[in-house]
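here is a sequence with its predicted model. Questions after.
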Number of protein chains: 2
Amino acid sequence: MNTIAFQDHYPEELSHCYGCGKNNPDGHQLKSYWQHIDEANLNASTTIAHCIPDMKYTAIPGFVYGGMLASLIDCHGTGSASGMAYLAQNREIGSLPPMRFVTGALNVNYLAPTPQGVELTLIGRFSEVKERKIIVEITLSANDIVCVKGQVIAVLMPDSMTPKA
Amino acid sequence: MNTIAFQDHYPEELSHCYGCGKNNPDGHQLKSYWQHIDEANLNASTTIAHCIPDMKYTAIPGFVYGGMLASLIDCHGTGSASGMAYLAQNREIGSLPPMRFVTGALNVNYLAPTPQGVELTLIGRFSEVKERKIIVEITLSANDIVCVKGQVIAVLMPDSMTPKA
């Protein structure tokens, strides 16, 4: 079930996000997937993403920049929200009209400095799933230690943000 | 009082931050300054920073990437905290030992999409000032409209993060 990332199902015109858009060559291109789908309780399903940040994203030498970590949590959250929206509505992911989510609020707690040069693992869980609002709780780990916890309150993208042709 | 930014007083070895380090040529190099120093009530002083994000920091075409906005709030918060720490202790800014702050928590509310190609203004206010913990409340505006509100809980950098020579 993990062959195509949530973000790679976004419509082309909504795929320029610096954090996760496949059409942004300068960006992080984060890819989020289902880790586990709980058929009996869809909201208990979990999502996963991996990333090794480029060394330029420094905080203090040796540690990853906190803004980069916030960005990864943000994009894993909105990606997971899109995946869940399709799952909850039993629609094929990526089918039209698109269900692209944007961030209403982003809350990040930095528990420990995050080392550079290490693959980071993000796991997403769902604490609220509504049609237009999905809350994703995310842990970010390095070497199996949770360094950052975050929460993304994702809201269905308003029409006013849709690019005009 | 605004000739040198808070961040440009950081020691050289602590100036590699992607968001605000003068020694990170790839980063945003955000510069934060005092906007107003309230001599009668130091905690009522305010800080200011300006930035026009590079166009690559896209969310949806036309709007600035939320992770970029979180980064600006983060770095304006920790910079403002450092400035306030020196002010509160009546020490010359940048004097040794350094008072460099890192982010314990970052909370961001996206109130309206932030347009690209516009100078953004960040204003910082202080809701708590302690020796090792300073909380900064920040607004980010474009065209005089507040697009984002954020809170940075900044903590004095632990010795464990100091780069070893």
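Right, received. Where do you want to start? Numbers count the residues shown, from 1 in each chain, chains lettered A, B, ... in the order given.

now the strands for chain A?
Along chain A, counting by DSSP state E, strands occupy A:32-36, A:46-51, A:101-110, A:120-129, A:133-142, A:145-156.

compare the ones you listed and give me the one nearest chain B.
Shortest distance between chain B and those, using Cβ to the nearest Cβ, is found for strand A:101-110: 4.6 Å. For the C-beta atoms, the positions are set from N, CA and C on the backbone; glycine is no exception.

A:Phe101: what's it in contact with?
A:78, A:81-82, A:85, A:134, A:154-157 (Cβ atoms under 8 Å, 6 or more residues apart in numbering or on different chains).

what pLDDT does it get?
As predicted, A:Phe101 sits at a pLDDT of 96.

residue ranges in chain A under the pLDDT threshold?
A:1-2, A:164-165 (pLDDT under 70).

mind running it again at 50?
Counting by pLDDT under 50, chain A has no low-confidence residues at all.

nearest to the middle of it, which residue? Look it up for me.
The geometric centre of chain A, computed from its C-alpha atoms, lies nearest to A:His76 (Cα atoms, centre = their mean), at 1.0 Å.

shouldn't A:Phe6 be in contact with A:Leu87?
No. Proximity of A:Phe6 to A:Leu87 does not meet the contact threshold set by Cβ atoms under 8 Å, at 10.3 Å.

between these two, which has more neighbouring residues?
A:Phe6 (28 against 17; other Cβ atoms under 10 Å in any protein chain shown).

end-to-end on stretch A:121-141?
The distance separating the two terminal residues of stretch A:121-141, taken as Cα to Cα, to the nearest Å, comes to 5 Å.

with distance to B:Met161 added, can I get the strands of chain A in TSV?
Below are the strands of chain A laid out as TSV (distance: least, Cβ to Cβ, whole Å):
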stretch	distance to B:Met161
strand A:32-36	29
strand A:46-51	21
strand A:101-110	11
strand A:120-129	18
strand A:133-142	15
strand A:145-156	13
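
tell me which of these sits nearest to B:Ile37.
Taking Cβ to Cβ as the criterion, B:Ile37 comes closest to strand A:101-110 out of those, the separation being 28.9 Å.

parallel or antiparallel, list what pairs with that closest one.
strand A:145-156 (antiparallel), strand B:101-110 (antiparallel) (DSSP bridges).

possible to save those strands as JSON lines with distance to B:Ile52?
Formatted as JSON lines, the strands paired with strand A:101-110 follow (distance: least, Cβ to Cβ, whole Å):
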{"stretch": "strand A:145-156", "distance to B:Ile52": "26"}
{"stretch": "strand B:101-110", "distance to B:Ile52": "19"}
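
still on that earlier bit, what do A:Phe6 and A:Leu87 both touch?
By Cβ under 8 Å, 6+ apart, A:Phe6 and A:Leu87 have these common neighbours: A:Ile93.
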